[in-house]
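S.K.: Mind folding the following:
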Amino acid sequence: MSIRERLDISAYLVIGPENTSRPVEDVVAAAVEEGFTCVQIRSKVATAREMIDVLEKSARAIRELGKSDSVALLVDDRLDVVLAAREVGIKVDGVHVGQSDIPVDVCRKFLGADSIVGLSARTEELIDYVKGADVSQIDYFGAGPLHATATKLDAGKTADGKFITHGFAEIAALVKVSPKPVVVGGGVKVGDIPELRATNVDGFFVVSAVAGAENPRLAARELVAAWNGH
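M.R.: Residues are numbered from 1 along each chain as shown. Predicted coordinates:
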């Protein structure tokens with residue numbers, strides 16, 4: 001069974017060098033050891049070579065925990081980085097793109113049938129999208145933002161500069177119509193998890209709640225425990 005077939009987005013970490021004062025791979029290792037099931041490397045400042053280096057170290061951290069076959073390692077936006085990393089033998093499982101990034105069918109063409117391709121958009125855009133789009137090449141949707149978030153300042157911002165967040169009812173509506181699993185993020189905190197879980201969403205994603213925490217391991221443990229209901 002490929003990692004695409006066993007994809008688990010229930011506890012999803014998004015991280016880049018700009019999100020933490022620690023080595024990225026150390027935070028990845030702590031989160032995965034505490035039960036995080038998916039990792040996305042995302043950076044708007046790192047060069048391609050810097051991202052490849054982060055991927056190599058993160059892939060090694062996941063492998064040393066014996067989780068390479070169960071925890072997916074993805075890259076935000078940079079299809080070129082995924083391909084280059086794979087070329088030098090790094091196990092990268094797929095890519096996550098937005099609606100204005102490289103089209104999902106192009107990602108699928110270059111990455112192959114066993115790779116993971118995720119698509120993100122604002123919650124209300126996804127509700128419209130899933131009603132008429134061909135989603136056969138997509139493995140999951142990333143929705144939000146649940147709250148305003150410093151790690152993605154334009155998330156939820158409209159053309160006229162207003163900021164729109166998305167409540168639990170709207171997320172539940174998306175889950176109801178989506179033919180693919182949905183993961184929700186955007187300022188998610190431990191206290192949000194029970195109500196988020198009640199929407200029947202497939203998972204949560206966080207950046208600063210773990211990457212920026214004083215104790216990333218403890219933060220990851222608390223989030224996973226909240227998701228699992230204890």
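S.K.: those helices in the protein, which residues are they?
M.R.: 24-33, 48-64, 79-87, 104-111, 123-132, 168-177, 193-197, 208-211, 216-227 (DSSP state H).
S.K.: For my notes, please list the ones you listed in JSON lines and give distance to His147 and mean pLDDT for each entry.
M.R.: No exception for glycine: its C-beta is placed from N, CA and C like everyone else's. As requested, these are exported to JSON lines (distance: least, CB to CB, whole Å; pLDDT from 0 to 100):
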{"stretch": "helix 24-33", "distance to His147": "20", "mean pLDDT": "98"}
{"stretch": "helix 48-64", "distance to His147": "26", "mean pLDDT": "98"}
{"stretch": "helix 79-87", "distance to His147": "29", "mean pLDDT": "98"}
{"stretch": "helix 104-111", "distance to His147": "27", "mean pLDDT": "97"}
{"stretch": "helix 123-132", "distance to His147": "13", "mean pLDDT": "91"}
{"stretch": "helix 168-177", "distance to His147": "12", "mean pLDDT": "94"}
{"stretch": "helix 193-197", "distance to His147": "11", "mean pLDDT": "95"}
{"stretch": "helix 208-211", "distance to His147": "11", "mean pLDDT": "97"}
{"stretch": "helix 216-227", "distance to His147": "15", "mean pLDDT": "98"}
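S.K.: Select, out of those helices, the one closest to Ile3.
M.R.: The closest of the helices of the chain to Ile3 is helix 48-64. By CB to CB, the value is 11.0 Å.
S.K.: any idea how far that closest one is from the chain center?
M.R.: In terms of CA atoms, centre = their mean, to the nearest Å, the centre of helix 48-64 is set 16 Å apart from its chain centre.
S.K.: got the contact list for it?
M.R.: 16-17, 23-26, 28-29, 32, 39, 41, 43, 46, 68, 71, 73, 75, 78, 80-81, 84-85, 88, 90-92 (CB atoms under 8 Å, 6 or more residues apart in numbering).
S.K.: before we move on, the earlier item: make a markdown table out of the helices of the chain and add distance to Arg6 and mean neighbour count.
M.R.: Below are the helices of the chain laid out as a markdown table (distance: least, CB to CB, whole Å; neighbours: other CB atoms under 10 Å):
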| stretch | distance to Arg6 | mean neighbour count |
| --- | --- | --- |
| helix 24-33 | 15 | 23 |
| helix 48-64 | 14 | 19 |
| helix 79-87 | 19 | 18 |
| helix 104-111 | 17 | 16 |
| helix 123-132 | 23 | 16 |
| helix 168-177 | 21 | 16 |
| helix 193-197 | 21 | 16 |
| helix 208-211 | 23 | 24 |
| helix 216-227 | 18 | 19 |
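S.K.: Distance to Phe141 added to those, as JSON lines?
M.R.: Below are the helices of the chain laid out as JSON lines (distance: least, CB to CB, whole Å):
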{"stretch": "helix 24-33", "distance to Phe141": "22"}
{"stretch": "helix 48-64", "distance to Phe141": "23"}
{"stretch": "helix 79-87", "distance to Phe141": "18"}
{"stretch": "helix 104-111", "distance to Phe141": "11"}
{"stretch": "helix 123-132", "distance to Phe141": "5"}
{"stretch": "helix 168-177", "distance to Phe141": "8"}
{"stretch": "helix 193-197", "distance to Phe141": "15"}
{"stretch": "helix 208-211", "distance to Phe141": "20"}
{"stretch": "helix 216-227", "distance to Phe141": "18"}
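S.K.: out of those helices, which comes closest to Ser10?
M.R.: Distance to Ser10, taken as CB to CB, is lowest for helix 216-227 among the helices of the chain, at 6.2 Å.
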